[in-house]
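Asks: Requesting a structural model of the entry that follows:
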Amino acid sequence: MNFSINYILQDWQVNQETSSKSRLILLMFRSTRILGNLPAPFSLFSSFYRALYQFVVEWILGVELPWDTQVGPNLKLLHCQGLVVNHETIIGMNCTLRHSTTIGNKILPDGTASGSPKIGNNVEIGSNVVIIGPITVGDNAVIGAGSVVVKDVPNRTVVVGNPARVIRTLNTPLSLMNNESQQASELASVSNHSNTDSLYR
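Replies: Numbers count the residues shown, from 1 in each chain. Below you'll find the predicted structure:
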């Protein structure tokens, strides 16, 4: 991966209305993606920078976004607190993650770990969401606040609940919505439909 200021700053503009914390986390994340992979004789510096990233972002700022996670451009982080992402997760471009959300694997009956989710492009994920297992969240999907997602989510659908289920299909991709308040109202409206059914029903 070639060093590029544009690469490091690729999430800056989309987070201009979030917080300085979001920008700092993503600046460090992108730079660690580069500096953490430097070959010898810079391997010692790479190890130090990875450790610094982990100390600042995980221990101090309370966000677990491993430096080696595959993330597309224009990631937006809202209310950066309590976010946990497994390093095997794949996140597409133009996605939004909110606080208290967990994206990762699960322990199988034989004691091994499952695969991790693959998140498509232009996906909106609400707060307090859990997405676990080797599942795919399709492009332009909306995950309502408080949802527990354990199955694939089709493209352009809104899912809510525990376990999450499709409540409707979007006619317009989120990537084409110009009004951010319209996107926010999508998440607010679906959160009112969430329920507390058992994950293992």
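Asks: List phi and psi for the residue nearest in space to the middle of the chain.
Replies: Closest to where the C-alpha atoms of the chain average out (CA atoms, centre = their mean) is residue 97, at 4.7 Å. Residue 97 adopts backbone torsions of phi -120, psi 140, taken as degrees, to the nearest 10.
Asks: what does residue 28 give?
Replies: Dihedral pair for residue 28: phi -70, psi -40, per degrees, to the nearest 10.
Asks: My read is that it contacts residue 56, right?
Replies: Yes: the pair residue 28 / residue 56 is scored as a contact, 6.4 Å apart, by CB atoms under 8 Å. (C-beta placed from N, C-alpha, C; glycine too.)
Asks: more crowded one of the two?
Replies: Set residue 28 next to residue 56 and count neighbours by other CB atoms under 10 Å: residue 28 wins out with 21 against 14.
Asks: Report the spatially closest residue to that one, excluding sequence-adjacent ones.
Replies: Distances taken as CB to CB, 6 or more residues apart in numbering place residue 53 nearest to residue 28, at 5.2 Å, with adjacent residues excluded.
Asks: secondary structure element for that neighbour?
Replies: Following DSSP states H and E, the helix or strand that holds residue 53 is helix 43-53.
Asks: That helix - contacts with which helices or strands?
Replies: Under the contact definition 3 or more CB pairs under 8 Å, 6 or more residues apart in numbering; DSSP states H and E, helix 43-53 sits against helix 20-35.
Asks: the inter-axis angle of the helix it packs on versus helix 43-53?
Replies: Angle, helix 20-35 to helix 43-53, by axes from the mean of the first three to the mean of the last three CA atoms, to 10 degrees: 160 degrees.
Asks: Tell me which residues of helix 20-35 come out buried.
Replies: 21-23, 25-26, 28-35 (16 or more other CB atoms under 10 Å).
Asks: Over to stretch 107-118?
Replies: Residues of stretch 107-118 classed as buried by neighbour count (16+ other CB under 10 Å): 114, 116, 117, 118.
Asks: try stretch 52-67
Replies: Of the residues in stretch 52-67, 53, 57, 61, 63, 64, 65, 66, 67 count as buried by neighbour count, 16+ other CB under 10 Å.
Asks: now the last one, nearest residue through space, not along the chain?
Replies: Read it as residue 67. Excluding its sequence neighbours, the residue lying closest to residue 67 (CB to CB, 6+ apart) is residue 32, at 4.0 Å.
Asks: pretty sure the one you found is touching residue 53, no?
Replies: Yes: counting by CB under 8 Å, residue 32 touches residue 53, with 4.3 Å between them.
Asks: and for the two, which residues touch both?
Replies: residue 67 (CB atoms under 8 Å, 6 or more residues apart in numbering).
Asks: in the protein, which spans are helices?
Replies: Secondary structure of the chain (DSSP state H): helices at 5-8, 20-35, 43-53, 180-191.
Asks: what would these look like in TSV with distance to residue 86 and mean pLDDT?
Replies: Formatted as TSV, the helices of the chain follow (distance: least, CB to CB, whole Å; pLDDT from 0 to 100):
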stretch	distance to residue 86	mean pLDDT
helix 5-8	23	90
helix 20-35	15	95
helix 43-53	16	93
helix 180-191	23	48
